[in-house]
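Q: Mind looking at a prediction? Sequence and model below.
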There are 2 protein chains.
Amino acid sequence: MSENDKLTEEIIFEAATDEFLDRGMDGARMQNIADKAGINKALLHYYYRTKDKMFNAVFEKIAEKILSRFAPVFDETLTLEEKIRFFYREHITFLQDNPRLPAFILNEINRNPARLRRVLSTIDIHSFWNKLEEQHRDELVRYNITKEKIPQIMTTIAAISVFPFAARGIFEELFKKLDISFDEYLEERKEFAADFVIKALRK
Amino acid sequence: MSENDKLTEEIIFEAATDEFLDRGMDGARMQNIADKAGINKALLHYYYRTKDKMFNAVFEKIAEKILSRFAPVFDETLTLEEKIRFFYREHITFLQDNPRLPAFILNEINRNPARLRRVLSTIDIHSFWNKLEEQHRDELVRYNITKEKIPQIMTTIAAISVFPFAARGIFEELFKKLDISFDEYLEERKEFAADFVIKALRK
DNA sequence: TATAAATTTGACCGTTTGGTTAAACCTGTT
DNA sequence: AACAGGTTTAACCAAACGGTCAAATTTATA
């Protein structure tokens, strides 16, 4: 019972995740999810009462998955440069395994900003901020990184790894015309991105 | 007649653009567009036969608007560094005036890659590529920019200006917590981005 | 094996959706 | 003023949608 129960709920959840990632909240169809899970449509409502509740479950699981991946960056006792290299290696690899996540998250957040607020309210951004500042206080001085520049730098670092996945459709089409492999581009990007950022930061 | 005709069609087109930008193809409602245009729903189908055709008209107009903005970068007779500064100033200003475009384009392309193919087929990317290479042949050598690195560099340059708008919802929420103004961040970014990229490229 | 509870289903419901149609309404022409 | 053309509308339609429900089926318990 509990064995099979979990199984059914998991199958539904995975089917729902697949459908929502592919089509978004608005484009997703309950019947499609039922078909993918190989069950009756009514059973969806038995486990997840409404489409909205089902979507929230999927969305929060994905958000959690992403956030948990960022935590190690703040724990590692590495130099700033090592940390940048570590981040891009880990983050791009993660996105290679989950290529549909960026576009999904960006779209759904723009569509419904309230959802993000709930996820973001669970994490204390100030503590991360301070931790990072303490860990690298001397390096920040050495690189001439002022407090005002940090938002610019952080968002730039994120943009370089996330954007290729968010704009994947465009990139793949352009690369095809130029006879470039998107997969190779991503592999190269792990090192390129780190080199690029580190060089830009050095005095 | 022809006066009024154009007016009505334009009013509908603008209402449709607004609705599609806000809710995307799947989320948009014909009734909403009719309401925004202040006309009957049937009139939408009189001018644009189907929702799909209407969306295509809006999408292609927006794509054209974006692409036409990129052309000057390839015409200007500026040094590479000047061109990078010119690009970020112009491009971020353009996105400030049209902040919903990136999220819209990225989402719809991921949802339906075929649409992009039609738009992209109209432009000759190789000619832009070659033009840029000719204009800056000596500089590319001086900066040690090999042909293999160009895709990495070009996508990085684009990522830095587009991503803040694609992830606007996240950034605004984070910035609010940190007491940072998103508008000021964008103004600063025009210069920061250019400085960042130029420094990263220099030997 | 009998019973109760949880699980799964097919059939169904009300609403919303994109789209259609026939009639009314302008507007310029003769 | 009568006609013809394009334009606009109210009313309507079939399909698709998320969701419900009572009945059937499986599973756990005694």
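A: It's in.
Q: C-terminal to the helix or strand of chain A with the lowest mean pLDDT, which secondary structure element comes first?
A: Using mean pLDDT, DSSP states H and E, helix A:125-135 stands out as the lowest-scoring helix or strand of chain A, at a mean of 86. Of the helices and strands lying after helix A:125-135 in sequence (DSSP states H and E), the nearest is helix A:137-142.
Q: Could you check that following helix and say which residues are buried?
A: Residues residue A:140 are the ones in helix A:137-142 that count as buried (16 or more other CB atoms under 10 Å in any protein chain shown). Heads up, the C-betas are built off the backbone N, CA and C, glycines and all.
Q: Distance from the chain centre to it, please.
A: In terms of CA atoms, centre = their mean, to the nearest Å, the centre of helix A:137-142 is set 29 Å apart from its chain centre.
Q: now swap in stretch A:50-66 and tell me
A: The answer for stretch A:50-66 is 13 Å, by CA atoms, centre = their mean.
Q: Tell me which residues are up against it.
A: Stretch A:50-66 is contacted from outside by A:13, A:16-17, A:20, A:25, A:28, A:30, A:33, A:44, A:48, A:98, A:101, A:104-105, A:108, A:115, A:118-119, using CB atoms under 8 Å, 6 or more residues apart in numbering or on different chains.
Q: From these, keep the buried residues only.
A: A:13, A:16-17, A:20, A:25, A:28, A:30, A:33, A:44, A:48, A:98, A:101, A:104-105, A:108, A:115, A:119.
Q: near DNA strand D, which of the residues you listed show up?
A: A:28, A:30 (CB under 7 Å from any atom of the strand).
Q: In helices, which of the buried ones among the contacts of stretch A:50-66 appear?
A: A:13, A:16-17, A:20, A:25, A:30, A:33, A:44, A:101, A:104-105, A:108, A:115, A:119 (DSSP state H).
Q: For DNA strand C, what is the nearest residue in chain A?
A: residue A:42 (3.0 Å; CB to the nearest atom of the strand).
Q: Residue A:198 is in what secondary structure piece?
A: With DSSP H and E as criterion, residue A:198 is part of helix A:182-201.
Q: Leaving out sequence neighbours, find the closest residue to residue A:203.
A: In this structure, residue A:203 finds its nearest non-sequential neighbour in residue A:144, 5.6 Å apart by CB to CB, 6 or more residues apart in numbering or on different chains.
Q: low-confidence ranges in chain A?
A: A:1-6 (pLDDT under 70).
Q: Pick out the residue nearest the middle of chain A.
A: With distances taken as CA atoms, centre = their mean, residue A:66 lies nearest the centre of chain A, 4.7 Å away.
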